[in-house]
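Asks: how would this look folded up:
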Amino acid sequence: MNFYEKIDMNENVVKYILRAKYNEELTDEETLEIESLHDYIHKIKFADIDFVSNVSLESGTPYVTEDNISEGVVEVNLGKITPKEYILDENLEIAFSVDAGRVPDAELNSVLTTKTLVAQAKIAVFQSKIKETILGILDEIRTTDNDFEKESELIL
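Replies: Modelled structure (predicted):
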């Protein structure tokens, strides 16, 4: 499945957009993929996702890491997110934003020293967790999908 991602910042608000991306003319593989998405309907439910990850900086940019919390790695927790649901199909579009101006001072730390960095780190966590969730759903669909469906003529 192909996706379009965009992260931008405007007026102190960091925004992330993830959208399914298909060209107007679908390949046979893309057509089968979309049919599978419709056969096995799955929802991306924010309430089911644990939006907590460890974050570090690389060249001043926050990124999610598997490293343990240490001097250069901190835990970022998005806290309570509005419980939204999205159907995983060719029309998927998820948007999430964090207003750096509303980040509490208590969330600043030795790694994320500005509210803008905290907002960017939260977007990095959201992005990572959404992609992880989608990948898990797609893996489940791919293992469930088989050749059971068929059409044939039968003479008895």
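
Asks: those strands in the protein, which residues are they?
Replies: Per DSSP state E, the chain carries strands over the ranges 3-10, 13-20, 43-45, 52-58, 61-65, 74-77, 85-87, 93-99.

Asks: For the ones you listed, give me TSV that also has distance to Thr27, mean neighbour count and mean pLDDT.
Replies: (Each C-beta comes from the backbone N, C-alpha and C, glycine too.) Converted to TSV, the strands of the chain look like this (distance: least, CB to CB, whole Å; neighbours: other CB atoms under 10 Å; pLDDT from 0 to 100):
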stretch	distance to Thr27	mean neighbour count	mean pLDDT
strand 3-10	16	12	96
strand 13-20	15	18	97
strand 43-45	24	14	95
strand 52-58	34	18	96
strand 61-65	32	17	96
strand 74-77	38	17	96
strand 85-87	22	13	96
strand 93-99	21	16	97
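
Asks: Let's have those in CSV, adding distance to Ile34.
Replies: What follows is the strands of the chain, written out as CSV (distance: least, CB to CB, whole Å):
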stretch, distance to Ile34
strand 3-10, 14
strand 13-20, 9
strand 43-45, 16
strand 52-58, 30
strand 61-65, 29
strand 74-77, 34
strand 85-87, 12
strand 93-99, 15
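
Asks: Of those strands, which is nearest Thr113?
Replies: strand 52-58 (9.5 Å; CB to CB).
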